[in-house]
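Participant: what follows is a protein structure lacking sequence information:
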């Protein structure tokens with residue numbers, strides 16, 4: 001039988017335990033590493049163009065206030081599950097249209113998945 005780890009006391013405001021600093025630091029480091037590796041792969045011309053082209057086009061259209069329809073697929077992007085969250089990428093795409101925003105969002109979301117296991 002494994003010993004149980006102590007559970008931190010919950011804060012009065014939220015009723016939840018605070019996030020450990022090591023976990024937040026690990027998510028930040030993994031996000032930067034993931035983004036750097038994706039950017040390096042793209043820079044070395046090893047990224048796949050079809051999927052990346054779909055999402056790049058849709059993010060650009062959202063940032064310009066256009067309909068989020070992919071001409072590569074002929075479908076509206078909202079038919080995809082969780083696509084409403086993709087509208088948040090329109091904000092940074094408006095400032096600078098670059099696939100690196102997609103790489104960064106992917107790396108951050110993948111690094112945050114570990115938080116559920118450790119918290």
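Facilitator: Noted; the coordinates are in hand. Computed from a predicted model, the values in this text were never measured in an experiment. Residues are numbered from 1 along each chain as shown.
Participant: please, where are all the helices along the chain?
Facilitator: 21-43, 49-63, 90-95, 100-118 (DSSP state H).
Participant: what is the last one packed up against?
Facilitator: Where contact means 3 or more Cβ pairs under 8 Å, 6 or more residues apart in numbering; DSSP states H and E, helix 100-118 is packed against helix 21-43, helix 49-63. Any C-beta I mention is one placed from the backbone N, CA and C, and that applies to glycine too.
Participant: what would those look like in a markdown table with distance to residue 85, mean neighbour count and mean pLDDT?
Facilitator: Formatted as a markdown table, the helices and strands packed on helix 100-118 follow (distance: least, Cβ to Cβ, whole Å; neighbours: other Cβ atoms under 10 Å; pLDDT from 0 to 100):
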| stretch | distance to residue 85 | mean neighbour count | mean pLDDT |
| --- | --- | --- | --- |
| helix 21-43 | 17 | 14 | 81 |
| helix 49-63 | 11 | 17 | 85 |
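Participant: that older thread, nearest to residue 78, out of the helices of the chain?
Facilitator: Ranking the helices of the chain by distance to residue 78, with Cβ to Cβ as the measure, places helix 49-63 first at 9.8 Å.
Participant: thanks a lot, see you next time.
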